[in-house]
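A.B. asks: turn this into a structure:
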Amino acid sequence: QVQLVESGGGLVQAGGSLRLSCAASGLILSSRTMGWFRQAPGKEREFVAAIRWSSSRTYYTDSVKGRFTISRDNAKNTVYLQMNRLKPEDTAVYYCAAVPRMNPQDKDYVYWGQGTQVTVSS
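C.D. replies: Residues are numbered from 1 along each chain as shown. Okay, here's the model as predicted:
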């Protein structure tokens, strides 16, 4: 049984930083493309970042480029999302996902975590 468990969310002031973690069990992340998505209240879930397993190529949505970094630690079977210079509009529940069926930037992933809340105060 595959499980993705996010952690690291919380309340932070604008301009601050958080690092989200996504630990996997039942799945070897080093051979999987992983993604981070977020969903703000009243909005659809949106793509944030992804990292390909084969090349470690990374993708980011425009609004987080230069502020967020996705990375992986294969030894720990964990994917991270380092978020710097956070803004109030980054407030959302953040989800990690594994194994996209097609495009890593689409929401069509096989596995999802339960989400972790990130709140950025102004």
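A.B. asks: from here on, contacts and neighbour counts on C-alpha atoms
C.D. replies: Fine.
A.B. asks: would you map the strands across the protein?
C.D. replies: Assigned by DSSP state E, the chain shows strands spanning 3-7, 10-13, 18-25, 34-39, 46-51, 58-60, 68-73, 78-83, 92-100, 109-112, 116-121.
A.B. asks: contacts for the third one?
C.D. replies: In other words, strand 18-25. Residues outside strand 18-25 that contact it (C-alpha atoms under 8 Å, 6 or more residues apart in numbering) are 1-10, 12, 76-84, 96, 113.
A.B. asks: quick check: the residue nearest in space to the middle of the chain vs residue 99, distance?
C.D. replies: For the chain, the residue whose C-alpha lies nearest the mean C-alpha position (C-alpha atoms, centre = their mean) is residue 36; its distance is 2.5 Å. Using C-alpha to C-alpha, to the nearest Å, we find residue 36 at a distance of 12 Å from residue 99.
A.B. asks: so the residue nearest to the centre of the chain makes contact with residue 95?
C.D. replies: Yes. Between residue 36 and residue 95 a contact is recorded at 5.6 Å, counting by C-alpha atoms under 8 Å.
A.B. asks: re earlier: make JSON lines out of the strands of the chain and add mean pLDDT.
C.D. replies: Below are these laid out as JSON lines (pLDDT from 0 to 100):
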{"stretch": "strand 3-7", "mean pLDDT": "96"}
{"stretch": "strand 10-13", "mean pLDDT": "98"}
{"stretch": "strand 18-25", "mean pLDDT": "95"}
{"stretch": "strand 34-39", "mean pLDDT": "97"}
{"stretch": "strand 46-51", "mean pLDDT": "97"}
{"stretch": "strand 58-60", "mean pLDDT": "96"}
{"stretch": "strand 68-73", "mean pLDDT": "94"}
{"stretch": "strand 78-83", "mean pLDDT": "96"}
{"stretch": "strand 92-100", "mean pLDDT": "96"}
{"stretch": "strand 109-112", "mean pLDDT": "95"}
{"stretch": "strand 116-121", "mean pLDDT": "98"}
